[in-house]
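>>> Build the 3D model from these lines:
(one chain, ligands or ions: 1)
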Amino acid sequence: MKAKYYKTKENRIIACTLCPHQCVLLPGKSGICRVRENQDGHMALPFYGKISALALDPIEKKPLYHFFPGKMILSVGFWGCNLRCPFCQNYSISQKTKGHSELLSPQELVKKVYERGSFALAYTYSEPLVHWEYLMETVKLAREAGIKNVLVSNGHLEEAPARELLAYIDAANIDLKGFQEDFYAKEIKGSLEAVKNFIRLASEMTSLEVTTLVIPGKNNSPDEIEEIAVFLASLNREMAYHLSAYYPCYEYDAPPTEPAELMSLGQIASKHLSYVYLGNIGADNNTYCLHCGNLLVLRKGYSVKVQGIANNCCAQCGKKVPIISE
Ligand code: SF4
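This next block holds a predicted model:
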């Protein structure tokens, strides 16, 4: 498979233009993501089709709450990531590239969606965007086959490849890991501005939900969460926003986020956004109609019942709901 977003320079040096890092690679060297490599002056993709994880998950686990609630989705993970979050929950596949892989072509992966009885494919677990070429092939095949494409990502990508990919994505959950450029640059080695641009674009092109993992002492100030909510509301007040509690993982050992704190931050975000959900604290997270208060989706953990929606409208008052369920 030929890589697309890179430029060749003098002396077999190449520059990757896929993500905001814009890595310049000497022959034999890999980029920050560890999965794109300069082989003799060309961009090679040594991890093309190498699958690190494949599982049937509740769609709420992505988390996606407004896209086919209650359905199971075949979820695929790869290797590598273009960020360096020291609290990564999937560091064994995102920050490493060694381990058992299953080799699957895009055609074979799409076939597995039928075999496992799913309606959709989620690109998730590690960072899918650094496997852009594999994703592009797979999303096109899936769309042709009537299978939905779901992207779960850090959104750290340049605009041109983002536009190409998002044209085939039916729903996405993008992490917004904080709202300070300094936190992105120093703590997780990325660009907040680039992620905001991706979120702006995704809000126009797909059914978008956003998640912030709330980490005590890092991104948990009420002002910061309110700034995020104001930003998301400027794109779509009815966008689902997930605030998730952090648990110690990888290089972080600070105590977990207190449920009471998450609830209080949820209330702040709810001043600006109609649908705020709290993750990792056992909250029920039901969805109610904004117009008449009818219960639309009942959730208890991963047990989900869609009970108040008919033809994508509230079954009681008939107003349109921002939930795709049919
Ligand atoms: S995709 Fe990988 S190689 Fe390309 S710029 Fe980003 S981190 Fe560097």
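
>>> tell me, how many neighbours does the closest residue to the ligand within the chain end up with?
Closest contact between the chain and the ligand, by C-beta to the nearest ligand atom, is at residue 31 (2.1 Å). The C-beta positions use only the backbone N, C-alpha and C, and glycine is treated the same way. Other residues near residue 31 number 24, with proximity taken as other C-beta atoms under 10 Å.

>>> hang on, isn't it packed against residue 24?
No: with contact defined as C-beta atoms under 8 Å, residue 31 does not reach residue 24; the gap is 9.1 Å.

>>> Identify the contacts common to those two.
In terms of C-beta atoms under 8 Å, 6 or more residues apart in numbering, residue 31 and residue 24 are both contacted by the residues residue 16.

>>> so who does residue 125 touch?
52, 53, 75, 76, 77, 78, 90, 93, 94, 152.

>>> How many residues are close by the closest residue to it other than its chain neighbours?
In space, and not counting its chain neighbours, residue 125 is closest to residue 77: 2.9 Å by C-beta to C-beta, 6 or more residues apart in numbering. By other C-beta under 10 Å, 20 other residues sit near residue 77.

>>> Now do stretch 187-198, average pLDDT.
Taken as a whole, stretch 187-198 has a mean pLDDT of 98.

>>> Over to stretch 131-144?
Mean predicted lDDT for stretch 131-144 stands at 98.

>>> CA atoms only: put it into CSV for me.
Output of stretch 131-144 as CSV, limited to C-alpha atoms (Å, rounded to 0.1, in the frame of the first residue of the first chain):
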residue,chain,number,x,y,z
HIS,A,131,-3.2,4.2,9.9
TRP,A,132,-4.9,6.6,7.5
GLU,A,133,-4.4,4.6,4.3
TYR,A,134,-5.8,1.4,5.8
LEU,A,135,-8.7,3.4,7.3
MET,A,136,-9.5,5.0,3.9
GLU,A,137,-9.6,1.6,2.2
THR,A,138,-11.7,0.0,4.9
VAL,A,139,-14.3,2.9,5.3
LYS,A,140,-15.0,2.9,1.6
LEU,A,141,-15.5,-0.9,1.5
ALA,A,142,-17.7,-0.7,4.6
ARG,A,143,-19.8,2.1,3.2
GLU,A,144,-20.3,0.1,-0.1
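
>>> So which bits of that stretch are buried?
By 16 or more other C-beta atoms under 10 Å, the buried positions in stretch 131-144 come out as 131, 132, 133, 134, 135, 136, 137, 138, 139, 141, 142, 143.

>>> that older thread, is it correct that the residue nearest to residue 125 is in contact with residue 57?
No: the criterion here is C-beta under 8 Å, and residue 77 misses it with residue 57 at 10.8 Å.

>>> before we move on, back to that, with adjacent residues omitted, what lies nearest to the residue of the chain closest to the ligand?
Using C-beta to C-beta, 6+ apart, the closest residue to residue 31 is residue 23 (3.8 Å).

>>> quick one, what contacts the one you found?
By C-beta under 8 Å, 6+ apart, residue 23 lies in contact with 15, 16, 31, 32, 36.

>>> For the residues you listed, name the two members farthest from one another.
Pairwise distances across the contacts of residue 23 (C-beta to C-beta) peak at 12.9 Å, for the pair 15 and 32.

>>> the more surrounded of those two?
Using other C-beta under 10 Å, the more surrounded residue of residue 15 and residue 32 is residue 32, with 19 against 16.

>>> all helices for the protein, in order.
Counting by DSSP state H, the chain has helices at residues 91-94, 106-115, 132-144, 159-166, 181-182, 192-205, 222-235, 259-270.

>>> Just give me how far the last one sits from the chain centre.
Just to be clear, that refers to helix 259-270. Distance, stretch centre to chain centre, for helix 259-270: 22 Å (C-alpha atoms, centre = their mean, to the nearest Å).

>>> Counting by contacts, list what that helix packs against.
On a contact count with 3 or more C-beta pairs under 8 Å, 6 or more residues apart in numbering; DSSP states H and E, helix 259-270 meets strand 207-214, helix 222-235, strand 240-245, strand 275-279.

>>> partners of the first one in the sheet?
What it means is strand 207-214. strand 171-175 (parallel), strand 240-245 (parallel) (DSSP bridges).

>>> before we move on, back to that, would a markdown table of the helices and strands packed on helix 259-270 with mean pLDDT, distance to residue 322 and mean neighbour count be doable?
As requested, these are exported to a markdown table (pLDDT from 0 to 100; distance: least, C-beta to C-beta, whole Å; neighbours: other C-beta atoms under 10 Å):
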| stretch | mean pLDDT | distance to residue 322 | mean neighbour count |
| --- | --- | --- | --- |
| strand 207-214 | 98 | 8 | 24 |
| helix 222-235 | 98 | 13 | 18 |
| strand 240-245 | 98 | 8 | 24 |
| strand 275-279 | 98 | 7 | 21 |
